[in-house]
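Enquirer: sequence unavailable; structure follows:
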């Protein structure tokens with residue numbers, strides 16, 4: 001946390017980023033991280049300043065004012081090294097759509113990415129990333145952000161999936177690589193399929209920041225083991241340890257931002273197509289993190305980690 005200004009003006013840079021991913025449990029994780037008394041809530045969970053709003057007229061001062069307003073009352077008696085704030089924009093890890101405004105060359109992938117900017121300004125920042133099976137994340141994302149006739153939802157989703165895959169395959173045939181096509185097609189369809197290519201984004205960040213400044217977890221494990229994972233996240237943020245009863249109390253709070261609208265199940269043929277599509281990305285992620293859990297291998301059988309690695 002950095003402080004600037006006079007005693008009457010306090011502005012704080014985030015100490016940590018809950019950096020992604022959308023529809024992977026960030027709101028619930030945000031609420032439970034802020035259950036710790038040393039983590040101060042900001043006025044806006046997802047300011048999206050680094051990825052979007054700094055390009056749209058929102059100044060750094062405006063961003064920092066909103067980030068800092070709730071922390072000021074805790075500092076009446078001077079600086080307190082035992083409190084922190086974070087930025088929980090779920091766009092931080094992946095969203096680089098605005099890069100085209102900064103490049104005059106006809107590039108189809110960003111010449112620079114957000115990690116380079118944050119790495120220059122906040123080299124000691126810590127990052128928490130929560131991931132979800134990319135197939136399930138995609139369908140949840142589609143149902144959350146789109147309105148449609150209940151019965152037509154799965155077929156509409158299927159059509160969007162097929163259109164994106166056709167564009168992605170066309171991109172690869174140019175020929176361009178997975179990273180280029182992932183960034184180039186970020187905003188191509190309402191399904192936001194590029195967001196599920198987790199390893200592309202994470203690798204770019206790990207080129208700038210050391211791996212010990214990242215904590216990556218899965219939504220599936222978070223739901224099953226909050227009481228064992230949450231203390232580790234607090235340790236990662238260098239917060240004081242809470243007793244088991246307090247951890248259990250925080251974890252028992254109802255999950256936040258869950259889509260409770262009734263939706264029809266995904267078509268089985270769509271699920272199989274998506275499972276095949278995301279397979280190289282999941283293998284690459286498992287290699288990157290050296291952890292087979294990121295294969296989500298309840299849906300993958302008999303795949304060796306090195307398979308298809310060269311495609312990335």
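Expert: Looks like it came in fine. Since the structure is predicted, the reported quantities are computational estimates derived from the model, not experimental observations.

Enquirer: what about residue 249, distance to residue 32?
Expert: Between residue 249 and residue 32 the distance, using Cβ to Cβ, to the nearest Å, works out to 10 Å. For every residue, glycine as well, the C-beta is placed using N, CA and C.

Enquirer: for residue 248, same thing?
Expert: For residue 248 relative to residue 32 (Cβ to Cβ), the value is 12 Å.

Enquirer: what's the answer for residue 170, then?
Expert: Noted for residue 170: a distance of 42 Å to residue 32, by Cβ to Cβ.

Enquirer: quick one: the helices in the stretch 1-150 of the chain?
Expert: Applying DSSP state H, counting those that start in this stretch to the stretch 1-150 of the chain gives helices spanning 26-33, 60-68, 114-121, 134-145.

Enquirer: mean pLDDT lowest for which of the ones you listed?
Expert: Ranked by mean pLDDT, the helices of the stretch 1-150 of the chain end with helix 60-68 at the bottom, a mean of 88.

Enquirer: how about it, which residues are buried there?
Expert: Across helix 60-68, burial judged by 16 or more other Cβ atoms under 10 Å covers 63-64, 66-68.

Enquirer: what's the answer for stretch 173-192, then?
Expert: Buried residues in stretch 173-192 (16+ other Cβ under 10 Å): 178-186, 188-189, 191-192.

Enquirer: what's next to it, contact-wise?
Expert: Stretch 173-192 has contacts (Cβ atoms under 8 Å, 6 or more residues apart in numbering) with 22, 94-97, 108-110, 138, 141-142, 145-146, 157, 160-161, 163-164, 167-168, 171-172, 193-195, 197, 200, 204, 280-281, 311-312.

Enquirer: so where's the stretch 1-150 of the chain uncertain?
Expert: Low-confidence segments of the stretch 1-150 of the chain (pLDDT under 70): 1-9, 76-79, 99-109.

Enquirer: mind checking which of residue 248 and residue 32 has more residues around it?
Expert: residue 32 (24 against 13; other Cβ atoms under 10 Å).

Enquirer: so what's the more buried one closest to, chain neighbours aside?
Expert: residue 250 (5.3 Å; Cβ to Cβ, 6 or more residues apart in numbering).

Enquirer: doesn't the one you found fall inside a helix?
Expert: Yes. Under DSSP: H, G, I helix; E, B strand; the rest coil, residue 250 falls within a helix.

Enquirer: between the helices of the stretch 1-150 of the chain, which one is closest to residue 74.
Expert: When the helices of the stretch 1-150 of the chain are compared by Cβ to Cβ, helix 60-68 sits nearest residue 74, at 10.8 Å.

Enquirer: and residue 18, how far is that from residue 90?
Expert: Relative to residue 90, and taking Cβ to Cβ, residue 18 is found at 7 Å.

Enquirer: now do the shared contacts for these two.
Expert: residue 26.

Enquirer: select the longest helix from this structure.
Expert: Scanning the chain for the longest helix, with DSSP state H as the assignment, gives helix 268-289.

Enquirer: can you show me the strands along the stretch 201-312 of the chain?
Expert: Taking DSSP state E, counting those that start in this stretch as the test, the strands found in the stretch 201-312 of the chain are 214-218.

Enquirer: ok, back up a step: any chance of the helices of the stretch 1-150 of the chain in a markdown table, plus distance to residue 290?
Expert: Output for the helices of the stretch 1-150 of the chain, formatted as a markdown table (distance: least, Cβ to Cβ, whole Å):
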| stretch | distance to residue 290 |
| --- | --- |
| helix 26-33 | 23 |
| helix 60-68 | 34 |
| helix 114-121 | 20 |
| helix 134-145 | 19 |
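
Enquirer: nearest to residue 262, of these?
Expert: Among the helices of the stretch 1-150 of the chain, the nearest to residue 262 by Cβ to Cβ is helix 134-145 (9.7 Å).

Enquirer: got the buried residues for the closest one?
Expert: So for helix 134-145, counting by 16+ other Cβ under 10 Å, buried means 134-143.
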